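A.B. asks: Just to be clear, the model below is a prediction. Sequence and coordinates:
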Amino acid sequence: MKKIITIKNAPEPVGPYSQAILFGNTLYSSGQIAIDPKTNNLILDTLEKETHQVMLNIGAILDAANMKWENIIKCSIFLSDMNNFELVNSIYASYFSSSYPARETVEVACLPKNVNVEISFIAIKE
């Protein structure tokens, strides 16, 4: 059964999509950007703050589905500039303990609201 995950402590969608969908024991997230859910403002002061906000938004979605970082099996990272890879990668890695998900990281021409990083994920509850 498909369950739409909508939570207040993650940013509201900026288009016609759900924050995440739980189907059976699998959680599919939409791409997360650095919108602060408390203010609905983008966090673009620094790439470091922006990336941490994206990861906090992912954490909020995981919490809403009663999952943890360890449940993530796949991530997709989209960067506006591959020169930002090293910093984004180090921040991303800090949110996982050891068994990292499968992942790809790609540079794209433009991201929603002209952000620098967007991350989506798939998680499974065992």
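C.D. replies: Nice, thanks for sending it over. Numbers count the residues shown, from 1 in each chain.
A.B. asks: Can you give the distance of stretch 99-112 from its chain's centre?
C.D. replies: 10 Å (CA atoms, centre = their mean, to the nearest Å).
A.B. asks: Quick check: buried residues in it?
C.D. replies: 101, 105 (16 or more other CB atoms under 10 Å). Heads up, the C-betas are built off the backbone N, CA and C, glycines and all.
A.B. asks: And the contacts of it?
C.D. replies: With contacts defined as CB atoms under 8 Å, 6 or more residues apart in numbering, stretch 99-112 is touched by 14-15, 31, 33, 70, 72-82, 85, 88-89, 93, 117-118, 121.
A.B. asks: Pull out the buried members of the residues you listed.
C.D. replies: 31, 33, 72, 75-80, 88, 117-118, 121.
A.B. asks: Which elements pack onto the longest helix seen in the chain?
C.D. replies: In the chain, taking DSSP state H as the definition, the longest helix is helix 47-64. Here helix 47-64 touches strand 26-29, helix 85-93, strand 117-124, going by 3 or more CB pairs under 8 Å, 6 or more residues apart in numbering; DSSP states H and E.
A.B. asks: To A65, which of those lies closest?
C.D. replies: With CB to CB as the measure, strand 26-29 is the member of these nearest A65 (4.8 Å).
A.B. asks: contacts for the closest one?
C.D. replies: Under CB under 8 Å, 6+ apart, the answer for strand 26-29 is 5, 19-22, 58, 61-62, 65, 67, 71, 120-125.
A.B. asks: can you rerun that using 7 Å?
C.D. replies: Strand 26-29 is contacted by residues 20-21, 58, 61, 65, 67, 120-124 when judged by CB atoms under 7 Å, 6 or more residues apart in numbering.
A.B. asks: Pull the contacting residues for V117.
C.D. replies: 50-51, 54, 77-79, 88.
A.B. asks: Please pull out the lowest mean pLDDT helix or strand from this structure.
C.D. replies: Least confident helix or strand, the chain: strand 2-5 with a mean of 88, by mean pLDDT, DSSP states H and E.
A.B. asks: From the contact counts, what lies against it?
C.D. replies: If contacts are counted by 3 or more CB pairs under 7 Å, 6 or more residues apart in numbering; DSSP states H and E, strand 2-5 sits against strand 20-23.
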